[in-house]
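[1] sequence and predicted model, in that order:
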Amino acid sequence: MSPRLQIDAQPAPPKQLRETLWSTAPGWRKLVIGSGVLTLLAVSAPILLPRPETAPGTQSAHAVGPAMQSDKTQGCTSQIPDAPQHVTARVTRTVSSEEVLTATRAVEAQIGAKISPAYLPLFRVAAQMYPTGQVTLAAIPVNMSVKIGDLVELNSRYRDRSLPCHFIPWTINRVIEHKLN
């Protein structure tokens, strides 16, 4: 049978498109596409940029001593030891918070690094080192008590490995001998 042409018949309605947020809101499309492009740039930029030690105008990491390599890549130029030295000293006096703050800022400027924030609020004492007689300020750990005249072991200032360009100040490591009253 041949198809018949119907003259009075209505044409079949086109299939209705289902409206979605994606099709009706060009702003959403732009936002999703833009965030994808930004994510791609953020991921690829560190790969495409030169490494800090190979950037023009900087020294190679091989020209710097091994103790300083990790800090050179992070922009720290201070030469602070990686580990403390142990020194015997006698506690001579307590130190006011104003004197501590002044001395701390002077040391920070001198060595080009900041004090580790955890050590800033600790109380300090002045301690005379043996055998040199040099006096330094030493932090008292929270769980320790010392008196004037106590013989103590100090840890010298050293690098805080958890924070770049920060140092741990002179700190009392242990009491060797309490002063007898």
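    It's in.
[2] ok, Arg161 - contacts?
    By C-beta atoms under 8 Å, 6 or more residues apart in numbering, Arg161 lies in contact with Asp82. (Each C-beta comes from the backbone N, C-alpha and C, glycine too.)
[3] per-residue pLDDT of it, please?
    Model confidence at Arg161, expressed as pLDDT, equals 89.
[4] and Leu48, by the same measure?
    pLDDT for Leu48: 55.
[5] same question, Val32
    For Val32, pLDDT reads 73.
[6] and it, what helix or strand is that in?
    Following DSSP states H and E, one finds Val32 within helix 26-48.
[7] what's the average pLDDT for the lengthiest strand in the chain?
    Using DSSP state E, we find that the single longest strand of the chain is strand 86-95. For strand 86-95, mean pLDDT is 96.
[8] what pairs with it, parallel or antiparallel?
    Strand pairing for strand 86-95, using DSSP bridges, gives strand 124-129 (antiparallel), strand 151-155 (antiparallel).
[9] what comes up buried for the helix or strand that that strand is followed by?
    If you walk from strand 86-95 toward the C-terminus, the next helix or strand you reach (DSSP H and E) is helix 97-111. By neighbour count with 16 or more other C-beta atoms under 10 Å, helix 97-111 contains the buried residues Val100, Ala103, Thr104, Val107, Glu108.
[10] low-confidence stretches in the protein?
    1-26, 28, 37-38, 40-75, 181 (pLDDT under 70).
[11] 80 instead?
    Scanning the chain for pLDDT under 80 picks out 1-78, 180-181.
[12] show me it divided up by domain.
    With domains defined by automatic domain parsing, the chain comprises 22-50, 86-177.
[13] buried deepest among those domains, which one?
    Among those, domain 86-177 has the highest mean neighbour count (mean count of other C-beta atoms under 10 Å), at a mean of 16.
[14] ends of that one, what's the gap?
    By C-alpha to C-alpha, to the nearest Å, the extent of domain 86-177 from end to end equals 16 Å.
[15] dump the domains of the chain to a markdown table, plus distance to Ser78.
    A markdown table is the format used below for these (distance: least, C-beta to C-beta, whole Å):
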| stretch | distance to Ser78 |
| --- | --- |
| domain 22-50 | 25 |
| domain 86-177 | 4 |
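[16] so which of the ones you listed gets nearest Cys76?
    domain 86-177 (3.9 Å; C-beta to C-beta).
[17] quick check: angle from the longest strand of the chain to helix 97-111?
    Here strand 86-95 runs at an angle of 140 degrees relative to helix 97-111 (axes from the mean of the first three to the mean of the last three C-alpha atoms, to 10 degrees).
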